[in-house]
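K.L.:
what's the 3D shape of this:
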Amino acid sequence: MVEGEAGILAVSPNYERPHYEPSKRRLTWPNGAVASCFSSDEPDRLRGPEHDLAWGDEVAAWKYPEAYDMMMLGLRMGERPRAILTSTPKPIPLIRDLVKRDGQDVVVTKGTTYENLENLAPAFKTEVIRRYEGTRLGRQELNAEILDDVPGALWTRALIEECRVDPQHVPPLKVAYCAIDPAVTAHETSDETGIVIGGVGEDGHGYITSDLSGIFTPDAWARRAVNATLDEQLNGIVAEVNNGGDLVKNTIRHVEADDGAKIGQRVRVLEVRATKGKYTRAEPVASLYEQHRIHHVGSFPALEDQLCTCVPGEKSQLDDRRDALVWLFTKLMVEGAGNRVLFEA
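P.N.:
You can find the predicted model right below:
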């Protein structure tokens, strides 16, 4: 907000640039106006100071809601005290309440990432927009839409956020697999092949580390899974074989390296077969999330979209990534197979 490339110091003209004292968290303008900086992680520091203008940045990500309360309680000076709140519009109660008051004592202004493309790096345009465009998370982050959770869904975005962890906080994985929910065709209208990598840590919790899903030919998804398993030194592949039977395992076994080596034969394959409905299978895994025992290491927008639209009794056309995740943790945590295969010869 102050020292960033688009912060106050960078955008202020020379004749109006304030003097910044980082040690005092204070900005002083030539006309005598003074601004004090506070962290939302320290709400008690806001208890007491009075002000006539407040700027709260990324309020939807504030860990302590009382920081907002303390800020607003101090907003009581002058004839027209005001607050400016800038944030990604996550569907939290505060954001919902402010939007409902639009036109009363609140003015809502929206802007999309597309309106700011000329100020963004080319790599952002090609990579970030390509990855998130069209997803529910993209609608929130790129289009500034407030997305509601789907009523009755087994997963919610709030739950996934609570279970998200930073890569630096992941314990060593004692067992890790690549799970596949395969498709047998590969054209524009084909189903995706779900390819999800994860494992169980030394703390007994599950961790999702990669989502490699997409529309692939059988040879391509098998090669992708085998290479990932060998490159990341995973314990093997968990493959759903209802759709294709022995073809799935044989496709994996026939994957060759560029030098002709039969690398597919070096990978252990655990076959899984669906004997229950999709949602019945998903419920025990969703319960592990509710217990905060499965975590996402980073962000997986397309996968999370599928999780948050998983409603019992409703048929979904987009569930391949979710199915791969369910197969993975059904095998590793619900059935507990992960601890057994770890010690197989």
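K.L.:
From residue 4, how far off is residue 130?
P.N.:
Using Cβ to Cβ, to the nearest Å, one gets 25 Å for the distance from residue 130 to residue 4. C-beta coordinates here come from the backbone N, C-alpha and C atoms, glycine included.
K.L.:
Next, count neighbours for the closest residue to residue 333 other than its chain neighbours.
P.N.:
Distances taken as Cβ to Cβ, 6 or more residues apart in numbering place residue 206 nearest to residue 333, at 5.5 Å, with adjacent residues excluded. Counted by other Cβ atoms under 10 Å, the residues lying close to residue 206 total 24.
K.L.:
got the residue ranges for the strands in the stretch 1-150 of the chain?
P.N.:
For the stretch 1-150 of the chain, the strands defined by DSSP state E, counting those that start in this stretch occupy 19-21, 26-28, 34-36, 53-57, 82-86.
K.L.:
how near is the residue nearest to residue 333 to residue 295?
P.N.:
Distance of residue 206 to residue 295, given as Cβ to Cβ: 7 Å.
K.L.:
With residue 278 instead?
P.N.:
23 Å.
K.L.:
When those two are compared, which one has more neighbours?
P.N.:
Using other Cβ under 10 Å as the criterion, residue 278 and residue 295 rank with residue 295 on top: 22 against 16.
K.L.:
The more buried one contacts residue 162, doesn't it?
P.N.:
No - using Cβ atoms under 8 Å, residue 295 is not in contact with residue 162; the gap is 9.4 Å.
K.L.:
Would you mind giving the domain segments of the protein?
P.N.:
For the chain, whose domains are defined here by automatic domain parsing, the residue ranges read 8-113, 157-341.
K.L.:
Among the ones you listed, which comes closest to residue 147?
P.N.:
With respect to residue 147, and counting by Cβ to Cβ, the nearest of the domains of the chain is domain 8-113 at 5.9 Å.
K.L.:
where's the closest one relative to the chain centroid, distance-wise?
P.N.:
Averaging C-alpha positions (Cα atoms, centre = their mean, to the nearest Å) puts domain 8-113 26 Å from its chain's average.
K.L.:
Equivalent analysis for stretch 307-327, please.
P.N.:
Distance, centroid of stretch 307-327 to centroid of chain: 16 Å (Cα atoms, centre = their mean).
K.L.:
Could you list the residues in contact with it?
P.N.:
With contacts defined as Cβ atoms under 8 Å, 6 or more residues apart in numbering, stretch 307-327 is touched by 136, 149-157, 160, 179-181, 183, 191-196, 198, 208, 211, 213, 238, 240, 272, 278-279, 281-283, 285-286, 300, 302-303, 305-306.
K.L.:
Could you rerun that using 7 Å?
P.N.:
For stretch 307-327, the external contacting residues (Cβ atoms under 7 Å, 6 or more residues apart in numbering) are 149-150, 152-157, 160, 179-181, 183, 191-196, 208, 211, 213, 238, 240, 272, 278-279, 281-282, 285, 302-303, 306.
K.L.:
and if you look at stretch 197-207?
P.N.:
Taking Cβ under 7 Å, 6+ apart as the rule, stretch 197-207 contacts 170-178, 208-210, 212, 228, 232, 234, 288, 293-295, 297, 328-329, 332-333, 338.
K.L.:
Alpha carbons of it, in PDB - could you do that?
P.N.:
In PDB, the C-alpha atoms belonging to stretch 197-207 read as follows (Å, rounded to 0.1, in the frame of the first residue of the first chain):
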ATOM      1  CA  ILE A 197      -0.900 -36.300  -7.000                       C
ATOM      2  CA  GLY A 198      -0.800 -36.400  -3.200                       C
ATOM      3  CA  GLY A 199       0.100 -38.400  -0.200                       C
ATOM      4  CA  VAL A 200       0.100 -38.900   3.500                       C
ATOM      5  CA  GLY A 201       2.500 -37.000   5.700                       C
ATOM      6  CA  GLU A 202       4.300 -38.100   8.800                       C
ATOM      7  CA  ASP A 203       1.500 -36.300  10.800                       C
ATOM      8  CA  GLY A 204      -1.100 -38.700   9.300                       C
ATOM      9  CA  HIS A 205      -2.700 -35.900   7.200                       C
ATOM     10  CA  GLY A 206      -3.300 -36.000   3.500                       C
ATOM     11  CA  TYR A 207      -1.700 -33.500   1.100                       C
END
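K.L.:
Noted, bye for now.
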